[in-house]
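Visitor: any chance you can model this:
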Amino acid sequence: MTYRPRPLDTSDVVLPPDLADLVERLAENVHEVYVSRRLAEGWRHGPRRDDVRRENPTLVPYEALPESEKAYDRATVTETLKAIVALGYRIEKG
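Guide: Model (predicted):
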């Protein structure tokens, strides 16, 4: 069986520009959760990813990440927020 992912179609969803700060804060949180889990699993920072030694160069604070890694986290958050909107929810600051 070949798995074919079918994410929600969010191509028509446009997030308002005022969510940019939320996207950045959530991207940082996604990274913090990821690092917390990895550290709890015994991983540590290393010069390159090494699954045997459990080392990874991205186990650093968000602000120390290369822009490409931050962009990946932002894209994950953006697609999640767009899926929330596509499912009929509204995102409002309380």
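
Visitor: quick one: residues contacting the residue nearest the centre of the chain.
Guide: For the chain, the residue sitting closest to the mean C-alpha position, by C-alpha atoms, centre = their mean, is D73 at 3.0 Å. Counting by C-beta atoms under 8 Å, 6 or more residues apart in numbering, D73 touches 27-28, 30-31, 62, 65. Quick note: C-beta positions are derived from backbone N, CA and C, even for glycine.

Visitor: ditto for H31
Guide: Contacts here follow C-beta under 8 Å, 6+ apart; on that basis H31 touches 58, 62, 65, 69-70, 73.

Visitor: pLDDT, secondary structure and distance to P17 added to these, as CSV?
Guide: Compiled in CSV, the contacts of H31 are given as follows (pLDDT from 0 to 100; DSSP: H, G, I helix; E, B strand; the rest coil; distance: C-beta to C-beta, whole Å):
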residue, pLDDT, secondary structure, distance to P17
T58, 97, coil, 28
Y62, 98, helix, 22
L65, 97, coil, 23
E69, 96, helix, 23
K70, 98, helix, 18
D73, 97, helix, 19
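
Visitor: tell me the two of the contacts of D73 that are most distant?
Guide: V30 and L65 (11.3 Å; C-beta to C-beta).

Visitor: sorry, back to before: buried members of the contacts of D73 into PyMOL, please.
Guide: Here is the PyMOL command that picks out the buried ones among the contacts of D73, judged by 16 or more other C-beta atoms under 10 Å:
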select buried, resi 27+28+30+31+62+65
